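Asker: Output the structure for:
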Amino acid sequence: MTLEDLIYTRLSDPDGPAAKLARYGEAPAIFYQAAPEDTAAGWDGKRQYPRIDYTVDMQANPERQSCGVLTLNIWCSEQCAPPEDLEPEVRAMMREVFMQPDESPPYSLAWVRSDAFEGRSQANPATLVNGITVLFDLFAFPVQETTDPDPILAINEYVKQWAPDALVIGKDTLERFQIATTDQPIFYFRLASLQLQRETNTVAWMDGMIAGYIYAPEETRLKWLKALVDVLSLDGEVTMLDTSPMFLRGIKADSAADPLTVGQLRLQIRFGLLRRPKYAHTLMKDHKAI
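Answerer: Below you'll find the predicted structure:
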């Protein structure tokens, strides 16, 4: 399923606002990009409001790679409930949920704002149509693992061993729709920066910064953040795949930071790249003349 398909599936949940929408054929009146004409046969002469249409605009972001904007329009007529009744349910249905498309990274939505508008029905211009446009920021969570020794692979494994019930994006497989809970928070780590600190005959020392994102219900998010900071501070290092240590030279937590955009955790790290002896090919060796 594509991201657009997952958004439609989420909005069509019979336990959500879809139960209050008009019907187009056998499905709730939810449409990608634009609704059919008011005279389309799918309406079957029945009520056409409330209905929803949505669009997804993808864009590049140097900080978070691919992301975008979801624009969702709720349309209502004078003969049905006002859009203000549906907007909170739509917003609650779409925010703070991770969606996992096929062959794509997980995505999550953050509500930005809701704007009211007015219009006229296509079939009957005398009918006033009012609605609300709901805007969401769309964030991608691409896999951040690189090459050995890999700081992200190391911190992912560390957190998974520390909290086995937690979900770590990049290590665990998410469901189609995944919501963080008190007992099952969701963690995401990315390598924010990396630079050479110094070189010796045997090791090239690298300094870097890991950004950490912690998703949990608001009332327990701070507890998970504090617990992770405590255990990292006490251990002081994380074992990498090649069994070498990744030293934690600084830990900064900000509980007020947005977990979707900048993340609440910054780990200043240092690890070494071992210099392996050069391989001398036999053809390059000196041979005495026969």
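Asker: Let me see the ranges of the strands in the stretch 51-200 of the chain.
Answerer: Assigned by DSSP state E, counting those that start in this stretch, the stretch 51-200 of the chain shows strands spanning 51-61, 65-77, 98-99, 107-120, 128-140, 167-168, 177-178, 186-199.
Asker: Please enumerate residues in contact with the fourth one?
Answerer: What it means is strand 107-120. 3, 69-70, 75, 83, 87, 91, 94-99, 101, 126-141, 215, 258, 260-261 (CB atoms under 8 Å, 6 or more residues apart in numbering). C-betas here are computed from N, CA, C, even on glycine.
Asker: Could you rerun that using 6 Å?
Answerer: With CB atoms under 6 Å, 6 or more residues apart in numbering as the test, strand 107-120 has contacts from 3, 87, 91, 94-95, 98-99, 129-140, 260.
Asker: and what of the second one?
Answerer: Around strand 65-77, the neighbours that count as contacts under CB under 6 Å, 6+ apart are 49-59, 61, 82-83, 86, 127, 129-136, 138-140, 142.
Asker: ok, now with 7 Å
Answerer: The contact list for strand 65-77, computed with CB atoms under 7 Å, 6 or more residues apart in numbering, reads 7, 49-61, 82-83, 86-87, 90, 109, 121, 127, 129-140, 142.
Asker: List the buried residues of it.
Answerer: Across strand 65-77, burial judged by 16 or more other CB atoms under 10 Å covers 67-68, 70-77.
Asker: The lowest-mean-pLDDT helix or strand in the chain relative to strand 51-61, how many degrees between them?
Answerer: Counting by mean pLDDT, DSSP states H and E, the weakest-scoring helix or strand in the chain turns out to be strand 65-77, with a mean of 86. Computed with axes from the mean of the first three to the mean of the last three CA atoms, to 10 degrees, the direction of strand 65-77 lies at 160 degrees from that of strand 51-61.
Asker: Right, I'll leave it there.
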